[in-house]
Each structure stands twice: as structure tokens, then as C-alpha cells.
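**Q** Just a sequence and a predicted model for now, questions to come.
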Amino acid sequence: MKTACIAILLCSVLAPAQQKITRDFFALDTNKTSHYRGQQSPWPDDCCEGEATPLPFGVWRSLGSQVNWHQIALCEPRNGADPNDRCYFWDKLDGYLRQVAAHGEQTLYVVFDTPRFANNGLDTNVPPSDSDGADRYLKEFVTAVYKHAASKGWPIKYWECWNEPDVRNEYQGTPQQLLNMCRDIYETVHALDPSAQVVSPPFTSNNGVLGYNSPIDPENCEGHCSPLQRYLAAGGGKFADIIGYHGYGFPDPVDPHFSATAPPDQLRINVPHLTATVNTIVAKTGNSGKPIWMTEGACWYMGGARGAEGPPENDDRRAACYARYVLQFMGRGTSLVSWFGWDFGGPAEMLQEHNGRSDDRLNKGGKALWQVYNWTAGRGATVVEPCTPKGTLYTCTFTDAKGNTMLVMYDTSQDCDGSPVNCTTTDKTVAAQYKKWTDLEGKTHTITGNAVPVGRKPILLEGSAEPVKEPGKKK
């Protein structure tokens, strides 16, 4: 039964064209980095005091930073399109936008959370009361945000329409109201700045994309298609420059540890299957050619899936899962991956303390993502073949900026377990052209006898035996 399940999951692992990985592939949601009134988590590029591990990235996403619509519009403005109206509180957003501009990044602002004055006092997940009509509240707010940021010299390039509309806690409106709001955001933003880009509503991986446990959407929607396909088939793509989705899930389709513990309906939520399904939906709804962004996600590590009864996680398992998860998106048609989040607590944490301390540092998971950045964007890498299994051994093939072939390898039959934690490996023979390998802690080792130890934590193989300065490393 497990073999059949794995075969189904692998059937849609298809590789789009080669993809160059730049810092714009990497995006982050943050929580305590506005540097407003004591929020002092280190900005990722400046990480960290006493341990220089700067993590460059291309796009800052606003969700989770306490700058949603209802957190900026604190009362009903007399003139909602005027950013100088007394009801608008900009200080916290300014703290983020200032740092985004200083580090040469871009902003993805999520238009989300209706203030109560705009929806007759209902919860923030309810659309504005006039979203079926003039939609004045929404249009004026978007205009005010744009004008405020532009007046400071921090123009917002990317805008996202709502957040996870297939989750009831996030959205309690009709599909038509959602389409209306996205249309009005799109038209308002483009009237203000024709070069700005709008991202479609990001439906979730398990419900919104994969269709409530259906293997894949049918060709014709008759009430059984995923919310993503229904939204785009209804014309939602007309009001989006970029197709967005959320991608929480397992990294790999073949993983004996997950297969032994997770329900079958959860196993299908792995990155290769998810990205292949998104690509199919985008194509069949007439949106081919538009960029596809995964605007929020993180790795389900051991025991992380609903209903899974795996052993408790540890820092090494977490590092392995973080790295494999991001690597699996590369070369599969998704051009941006946003990790949720930088300085949050919980299962996707990247910092050791994540409590707003300026002297915080990366944990092992954060260092793993730092290494993946250095291995790929830091080396000017292009994906030749995405991470693909032979049995449980995965190989991801890249070329660096000079055209030299690099391999990333890992083996999901291995594990990191015990007390103290021991990460098991198995020796694998590699071609003689590879002279060194680098681990997830950044340590470089010479290859002897054409064999490398491969475990659950990915390693990078390169041809030159000369040491490579990590691009993100400060002196």
C-alpha cells in the first residue's frame, strides 16, 4: 500500500526549465524587526551580533508584522485616501519599509484584515460591507498605503490580495467578494503605479491547492475542484500579475520516516507534488507565463503533520527538514519562496530566542537556510535537475556561476536521533570530479576515495578543492 502511495506522489514530479537562483528567490515574513518601541530582532542581512551569519533575501512580506489594515487604520478616516488622516498609524510599517529600502529589498504588502468600521463591526476576516459595490473602504486604504510609502521614498512594488481565503479564520466572505476585492486592489494599484505587481489570493497547500484530498483537480470543475482552480477559472487570474499559493508540507515524496507515521492524505502534501499541481492549475486556467510565488510556508518535520505520531523533533532534524524543503522548490516552476518566519517562535523558528533581542542568533535550522542560500544564490547557481530520488537517495544538480557542476545530496533513510543526537550516514560513491563537500554548518571536507557520507542533512559537492568564501560571510 505504501509503495502504491509513493508511486502516485511521484507521478507528477516534473521539472520545468532550468532556473537561476538569485536572492529574489528567497523571501521572509518577520515579526519583531520593525525596531519600533523595542522591537529589535536583528534584520536578516545584519545577523547577528557576535556571530556574522547574514542572510540576504529579496522580498519582505508584511504578514505577521502587525501592519495589517486594521492595525494601521485605527479609526474611520474622514478621507481614507489621504495618508495624513489622523486615523492612520504608520510608525511600525515605516520601521520595516525603512530597513527594506536600506538593504535593497522589495516589499510584498498583504492587504488583509478589515477594520471593524468598514464591515459593520464584524470580525477582521469579514470583507468590507461595500465589497459587492463601490468597495470604497478598500480602495481608499490601498491608495493611502501606496501614497504614504511613495512619499517616503519607499514605494511598494508587490501587493497580495488577502491571506489564505480557504481558511475560515482568515476569510468569511463569498468567492465573488474575494474576486471583487482582488479586482479593486489590482485596478487601484495599477492606476497609481503601472509597474507594481499584484499577487493572487494565496490558497493553502492542503485545502486550497490540493482540493480537499482529491488526487488532482478534474478537467472540468463541477464543485469538486480546489479553491485555487475555482478562483482562477472564475476569472481571478485577470486581476493578478503573479499567481500565489501557500506551501506548508513535507519536503520529499519518498521518506520512510514520514511514510511510517503520517496518514496517506498528508503524505501527498509534499513539495514536488504540490508544485506540479499548482503548475497544472495555472496552465489549465489560462495563466501560463505568469510568475508563480509560494508566499508563505515552512517544513513539516518529523511529527509535524496533522495526525502524525513521529518521534519528537530535534535541532538536527529541523535543520535537515528546513534545507530539504527549500531545495525541493528549486527548478519546479516557483520563482519565490517565503519562509514563515524569521523571528517567530514555534515549529519554523530560525532564531535561538526569537523574543526581540538584538543579540539573538541563528539556530541550526536558521543556519541550514543560510547555507542553502550560500550554496545556491551565493554561488550564482542554476538548477540543472531538481532534487530527485533513486530509492531514498536524493540528488539535486546545479551549475555555479562559472558553469561548474555542483551536487546536493541527502538520504531520507537516515536520521538524527538519540541523546546526544547522532546523525547517521551511509557512504556513497561519487564521480572523481568532485573534490570537496560542505555540510549544513558550513564546514568543508576533502573527498577521499570518491566516497562521501550522506545522511538526512543535505551536503554540497563541488569540484575545486580550494576553499570557497561564503558569499554571505562577513569578516
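**A** Nice, I can see it. Residues are numbered from 1 along each chain as shown.
**Q** what's the residue closest to the geometric middle of the protein?
**A** By CA atoms, centre = their mean, the mean C-alpha position of the chain lies nearest to residue 338, the distance being 2.5 Å.
**Q** domain assignment for the protein?
**A** Domains of the chain are assigned by automatic domain parsing as 16-380, 389-462.
**Q** need those domains in CSV with mean pLDDT, can you?
**A** CSV is the format used below for the domains of the chain (pLDDT from 0 to 100):
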stretch, mean pLDDT
domain 16-380, 91
domain 389-462, 97
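**Q** Please identify the most buried of the ones you listed.
**A** domain 16-380 (a mean of 20; mean count of other CB atoms under 10 Å). Every residue, glycine included, has its C-beta placed from N, CA and C.
**Q** How far off centre is that domain?
**A** Centre-to-centre, domain 16-380 and its host chain are 6 Å apart (CA atoms, centre = their mean, to the nearest Å).
**Q** residue ranges of the strands in the stretch 51-200 of the chain, please?
**A** 59-61, 106-111, 158-161, 197-199 (DSSP state E, counting those that start in this stretch).
**Q** Can you dump the C-alpha atoms of the longest one in CSV for me?
**A** Put plainly, it is strand 106-111. Extracted in CSV, the C-alpha atoms of strand 106-111 (Å, rounded to 0.1, in the frame of the first residue of the first chain):
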residue,chain,number,x,y,z
GLN,A,106,11.4,44.9,-2.0
THR,A,107,8.1,44.8,-0.1
LEU,A,108,5.2,42.4,-0.6
TYR,A,109,2.3,44.1,1.3
VAL,A,110,-0.6,41.9,2.2
VAL,A,111,-4.0,43.7,2.0
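**Q** Direction included, what does that strand pair against?
**A** strand 59-61 (parallel), strand 158-161 (parallel) (DSSP bridges).
**Q** all helices for the stretch 1-150 of the chain, in order.
**A** Ranges of helices within the stretch 1-150 of the chain are 2-10, 69-72, 91-102, 136-151, based on DSSP state H, counting those that start in this stretch.
**Q** want to throw the ones you listed into CSV with distance to residue 422?
**A** Shown next, in CSV, are the helices of the stretch 1-150 of the chain (distance: least, CB to CB, whole Å):
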stretch, distance to residue 422
helix 2-10, 26
helix 69-72, 46
helix 91-102, 40
helix 136-151, 50
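**Q** who wins for proximity to residue 231 among those?
**A** Nearest to residue 231 among the helices of the stretch 1-150 of the chain is helix 136-151 (17.7 Å), distances taken as CB to CB.
**Q** Does anything pack onto that closest one? Which helices or strands?
**A** Judged by 3 or more CB pairs under 8 Å, 6 or more residues apart in numbering; DSSP states H and E, helix 136-151 is in contact with helix 69-72, helix 91-102, strand 106-111, helix 175-192.
**Q** Can you give the contact residues for the second one?
**A** Identification of contacts with helix 91-102 by CB atoms under 8 Å, 6 or more residues apart in numbering yields 30, 33-36, 39, 43, 60, 62, 65-67, 71-72, 106-107, 145, 148-149, 152-154, 156.
**Q** Likewise for the third one?
**A** The list of residues contacting strand 106-111 from outside it, by CB under 8 Å, 6+ apart, reads 27, 58-63, 68-69, 96-97, 100, 138, 141-142, 145, 149, 154, 156-163, 181, 185, 199, 295, 338.
**Q** now with 7 Å?
**A** 27, 58-63, 69, 97, 100, 142, 145, 156-163, 185, 199, 295 (CB atoms under 7 Å, 6 or more residues apart in numbering).
**Q** before we move on, what about the first one?
**A** When contacts are taken as CB under 7 Å, 6+ apart, the neighbours of helix 69-72 outside the stretch itself are 88-90, 93, 111-115, 124, 141.
**Q** Also stretch 80-88?
**A** Outside stretch 80-88, the residues touching it (CB under 7 Å, 6+ apart) are 72-79, 137, 140-141, 143-144, 147-148, 151.
**Q** Can you tell me which of those residues comes closest to residue 252?
**A** After measuring the contacts of stretch 80-88 against residue 252 - CB to CB - the closest member comes out as residue 72, at 40.0 Å.
**Q** hang on, residue 461 is in a strand, isn't it?
**A** Yes: with DSSP: H, G, I helix; E, B strand; the rest coil as the criterion, residue 461 is part of a strand.
**Q** Which elements pack onto the helix or strand hosting residue 385?
**A** According to DSSP states H and E, residue 385 maps onto strand 382-390. On a contact count with 3 or more CB pairs under 7 Å, 6 or more residues apart in numbering; DSSP states H and E, strand 382-390 meets strand 19-20, strand 393-399.
**Q** in that strand, what's buried?
**A** Neighbour-count burial for strand 382-390, counted by 16 or more other CB atoms under 10 Å, picks out 382-384, 386-389.
**Q** now the angle from it to strand 393-399?
**A** 170 degrees (axes from the mean of the first three to the mean of the last three CA atoms, to 10 degrees).
**Q** Now do strand 382-390: everything it contacts.
**A** Contacts of strand 382-390 (CB under 7 Å, 6+ apart): 15, 18-21, 254, 327-328, 330-332, 394-399.
**Q** Can you list the strands that that strand pairs with?
**A** By DSSP bridges, strand 382-390 pairs with strand 19-20 (antiparallel), strand 393-399 (antiparallel).
**Q** OK, contacts around residue 228?
**A** 203, 208-209, 245, 281.
**Q** That one looks like it's in a strand, true?
**A** No: under three-state DSSP, residue 228 falls outside any strand and is assigned helix.
**Q** what residues are up against the nearest residue to residue 170 once chain neighbours are set aside?
**A** Distances taken as CB to CB, 6 or more residues apart in numbering place residue 164 nearest to residue 170, at 4.3 Å, with adjacent residues excluded. Shown in contact with residue 164 (CB under 7 Å, 6+ apart): 170, 202-204, 246.
**Q** just residue 115 next, same as before
**A** 69-70, 73.
**Q** That one and residue 62, how far apart?
**A** Separation of residue 115 from residue 62 (CB to CB, to the nearest Å) stands at 16 Å.
**Q** Likewise for residue 83?
**A** On the measure of CB to CB, residue 83 and residue 62 end up 16 Å apart.
**Q** quick one: residue 409 from residue 238, how far?
**A** Residue 409 is 43 Å from residue 238, by CB to CB.
**Q** cool, and residue 173?
**A** Residue 173 is 19 Å from residue 238, where distance means CB to CB.
**Q** try residue 357
**A** 46 Å.
**Q** cool, and residue 143?
**A** Distance from residue 143 to residue 238, by CB to CB: 21 Å.
**Q** Please apply the same query to residue 84.
**A** In this view, residue 84 and residue 238 are 33 Å apart by CB to CB.
**Q** Same check on residue 422?
**A** 54 Å.
**Q** Just to check, residue 326 is in contact with residue 372?
**A** Yes: counting by CB atoms under 7 Å, residue 372 is a contact partner of residue 326 at 5.3 Å.
**Q** Output the contacts of residue 228 as TSV; include the columns secondary structure and distance to residue 418.
**A** Shown next, in TSV, are those (DSSP: H, G, I helix; E, B strand; the rest coil; distance: CB to CB, whole Å):
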residue	secondary structure	distance to residue 418
203	strand	39
208	helix	38
209	helix	36
245	strand	37
281	helix	42
